[in-house]
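Asks: after the sequence you'll find the predicted model.
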Amino acid sequence: MIEEKKDSAPDNSRRDFIKNSAIAAAAFMIVPRYVLGGKGFLAPSDRLMVAGVGVGGKGESNLYNIYKGGKADIAFLCDVDDRRAAVSVKNFPKAKYYKDYREMLDKEGKNIDGVVVSTPDHNHAMIAMAAMQLGKHVYVEKPLSHDIYEARQLTEAASRYRVVTQMGNQGASGDGVRQLQDWCDDGVIGKVQKVYCWTDRPIWPQGIPWPANGGIVPKELDWDLWLGSAQNKPYIEKLVPFNWRGWWDFGTGAIGDMGCHLVEPPFRVLGLSTPIDVQCSVGSVYVDEFKRGYFPDSCPPSSHVIMTFEKTKKTKDNLQIHWMDGGIKPARPEELGANESFGTNGVLFEGTKGKMMCDVYGSNPRLLPLSRNNEVHTKQRIERVKGGVDGHYWQWVEAAIAGYGKIQLSSPFDIAGPLTETLLIANLAIRGTEIQKAKAGGNGFDYPGRDIKLVWDKQNLRVTNFDEVNQYVKREYRKGWSLGV
């Protein structure tokens, strides 16, 4: 029997503390502390005071990388699971520890400059919005949000509250993606006709039913706070700390995990915005002879999504990006030698004059055939980020110290927002395919397969030709939790 907890009480203090704390913190928000010492002055005490929310696993490495840049102090730690927080608590013994981010922001808001959000996907937007409404700079782990609506709201809020933002797709600051951009800008591969992105994810269970039996909530874990914005569900074994990624209530599947790393290079290189339509096919699990399983709580075991984007200056026509996960990969390029690695996570650009590819984070950029890399020499047009992938963290710290609009970032929300929207639109196609599967009753002969093509209305955030998937554009938060807009 699992330990039951009531829903969090309606968060009446939510708007009150935002209102009151915003007034109290006004002086800190209007004039950055570095200004008081004159232009270019950085006093020894004037470092970015950072609070981490979700400080185990990826949160642990995020905080360490931010700290090692030398201009930030990790002053506050917040995690719903004491087990996961243990290493960060040891690494930063002077940091004050909280379990509830709302309490931390309420009590410590005046002492916090920036907030790093590294929780599961379903709570990203809620925490980031609360911080931004207090004038705090935010670094949010990828994907930016769980829902399309949340991504749009965060993008608009970053501008409204004039805070420095960065999403945690570190490859956006790497040298590799900038090398790809230099090649493309120089016309080395001509106009791009098609792009393939693939990953070996999921490396967690997907395509399975929600377990019938719950588990016992560990004493170190506050399950109610972990659920946060998600609807009430019983605790199950092995969901925490990682397998939540495969459940729609909490995660965004393989494309949510890896898309911000793999779709980012074509987004940046080709100057893309959100897609105009998406279509897909998904893998299935059989539960009986000729009977496909239907597991609406879980992401499918594999998918192939085709996203169509409007033509840009660097594409021949409207561009198709093929996303493949669960072990699916595109055909091996003819220009790649039989013993030359194709990679388990990668991106392939096909142009009118040649091909180029990279690995995850935009790393290991190369032209095909590989011999071209010794023959082609282009001028470096795109400025590199100091520190590369590590510099992604330091860039956010330095920009936050400098103040809003002073330093260009690699993945601010006005870039990260549309990229995240794109990946979540792809998930609409995946979920739409699952809806079609359910309508077919799981019968293998009647299942319509990949004949779903969703037409996207960017302005109104809706699919125009299959209304059933629009329920996933903006989910309903659990009672007592709010995005605060």
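Replies: Great, that's in hand. Residues are numbered from 1 along each chain as shown.
Asks: that's a helix at L77, yeah?
Replies: No. The assignment for L77, made by DSSP: H, G, I helix; E, B strand; the rest coil, is strand rather than a helix.
Asks: geometric centre of this protein: which residue is closest?
Replies: The C-alpha lying nearest the average C-alpha coordinate of the chain belongs to P143 (C-alpha atoms, centre = their mean; 1.0 Å).
Asks: OK, contacts around it?
Replies: In this structure, P143 makes contact with D121, H124, A151, M167, T252, G256, D257, G259, C260, T420, L423, L424, judged by C-beta atoms under 8 Å, 6 or more residues apart in numbering. The C-beta positions use only the backbone N, C-alpha and C, and glycine is treated the same way.
Asks: how about these in TSV, adding secondary structure and distance to R268?
Replies: Conversion of the contacts of P143 to TSV gives the following (DSSP: H, G, I helix; E, B strand; the rest coil; distance: C-beta to C-beta, whole Å):
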residue	secondary structure	distance to R268
D121	helix	22
H124	helix	22
A151	helix	17
M167	strand	13
T252	coil	21
G256	helix	19
D257	helix	19
G259	helix	14
C260	helix	12
T420	helix	14
L423	helix	15
L424	helix	19
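Asks: would you list the residues you listed in JSON lines and tack on pLDDT?
Replies: As requested, those are exported to JSON lines (pLDDT from 0 to 100):
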{"residue": "D121", "pLDDT": "98"}
{"residue": "H124", "pLDDT": "98"}
{"residue": "A151", "pLDDT": "98"}
{"residue": "M167", "pLDDT": "98"}
{"residue": "T252", "pLDDT": "98"}
{"residue": "G256", "pLDDT": "97"}
{"residue": "D257", "pLDDT": "97"}
{"residue": "G259", "pLDDT": "98"}
{"residue": "C260", "pLDDT": "98"}
{"residue": "T420", "pLDDT": "98"}
{"residue": "L423", "pLDDT": "98"}
{"residue": "L424", "pLDDT": "98"}
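Asks: ok, which pair from those is furthest apart?
Replies: A151 and D257 (15.6 Å; C-beta to C-beta).
Asks: more neighbours: the two, which one.
Replies: Taking A151 and D257 together and counting by other C-beta atoms under 10 Å, A151 has the greater number of neighbours (29 against 23).
Asks: doesn't T420 make contact with the more buried one?
Replies: Yes. Using C-beta atoms under 8 Å, A151 and T420 qualify as a contacting pair, with a distance of 4.4 Å.
Asks: mutual contacts of the two, please.
Replies: Residues touching both A151 and T420 comprise P143, L144, S145, with contact defined as C-beta under 8 Å, 6+ apart.
Asks: which one of those is nearest to V287?
Replies: Sorting these by distance to V287 puts P143 at the head of the list, at 30.4 Å, by C-beta to C-beta.
Asks: the closest one: what secondary structure?
Replies: P143 ends up coil, using three-state DSSP.
Asks: now it, what are its backbone angles?
Replies: The main-chain torsion angles of P143 are listed as degrees, to the nearest 10 and equal phi -70, psi 160.
Asks: put together CSV for the contacts of P143, with distance to A75 on each row.
Replies: As requested, the contacts of P143 are arranged in CSV below (distance: C-beta to C-beta, whole Å):
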residue, distance to A75
D121, 25
H124, 21
A151, 28
M167, 22
T252, 30
G256, 30
D257, 29
G259, 32
C260, 27
T420, 28
L423, 32
L424, 33
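Asks: break down the stretch 301-450 of the chain into its strands, ranges please.
Replies: Ranges of strands within the stretch 301-450 of the chain are 303-309, 315-325, 346-351, 355-359, 366-368, based on DSSP state E, counting those that start in this stretch.
Asks: out of the ones you listed, which is closest to P93?
Replies: For the strands of the stretch 301-450 of the chain, proximity to P93 was assessed by C-beta to C-beta; strand 355-359 is nearest, at 37.3 Å.
Asks: helices or strands up against the closest one?
Replies: With contacts taken as 3 or more C-beta pairs under 8 Å, 6 or more residues apart in numbering; DSSP states H and E, strand 355-359 sits against helix 175-185, strand 346-351, strand 366-368.
Asks: just so I know, which of these lies nearest N470?
Replies: N470 lies closest to strand 346-351 among these, at 29.9 Å (C-beta to C-beta).
Asks: next, the angle helix 175-185 makes with the closest one.
Replies: 10 degrees (axes from the mean of the first three to the mean of the last three C-alpha atoms, to 10 degrees).
Asks: which residues sit against strand 346-351?
Replies: Contacts of strand 346-351 with the rest of the structure, by C-beta under 8 Å, 6+ apart, involve 180, 184, 189-198, 262, 265-266, 269, 330, 333, 355-360, 362.
Asks: likewise for stretch 286-303?
Replies: In this structure, residues lying in contact with stretch 286-303 by C-beta under 8 Å, 6+ apart are 202, 205-210, 246-249, 251, 253-255, 280-285, 323-328, 430, 433-434, 437-438, 442-445, 447.
Asks: one step back: among the contacts of strand 346-351, name the ones in helices.
Replies: Among the contacts of strand 346-351, the residues falling in helices (DSSP state H) are L180, C184, L262, P265, P266, V269.
Asks: so the residue of the chain most remote from its centre versus W396, what's the distance?
Replies: With distances taken as C-alpha atoms, centre = their mean, the residue sitting farthest from the centre of the chain turns out to be E289, at 38.0 Å. The spacing between E289 and W396, counted by C-beta to C-beta, to the nearest Å, is 54 Å.
Asks: could you pull up the residues touching V138?
Replies: Applying C-beta under 8 Å, 6+ apart, one finds that V138 lies in contact with G114, V115, V116, V117, A128, A131, M132, A158, V163, V164, T165, Q166.
Asks: which secondary structure state does A51 sit in?
Replies: Using three-state DSSP as the criterion, the local structure at A51 reads strand.
Asks: tell me the bridge partners for the residue lying closest to it once chain neighbours are set aside.
Replies: In this structure, A51 finds its nearest non-sequential neighbour in F76, 3.8 Å apart by C-beta to C-beta, 6 or more residues apart in numbering. Note on F76: beta-bridge partners A51, K96, judged by DSSP bridges.
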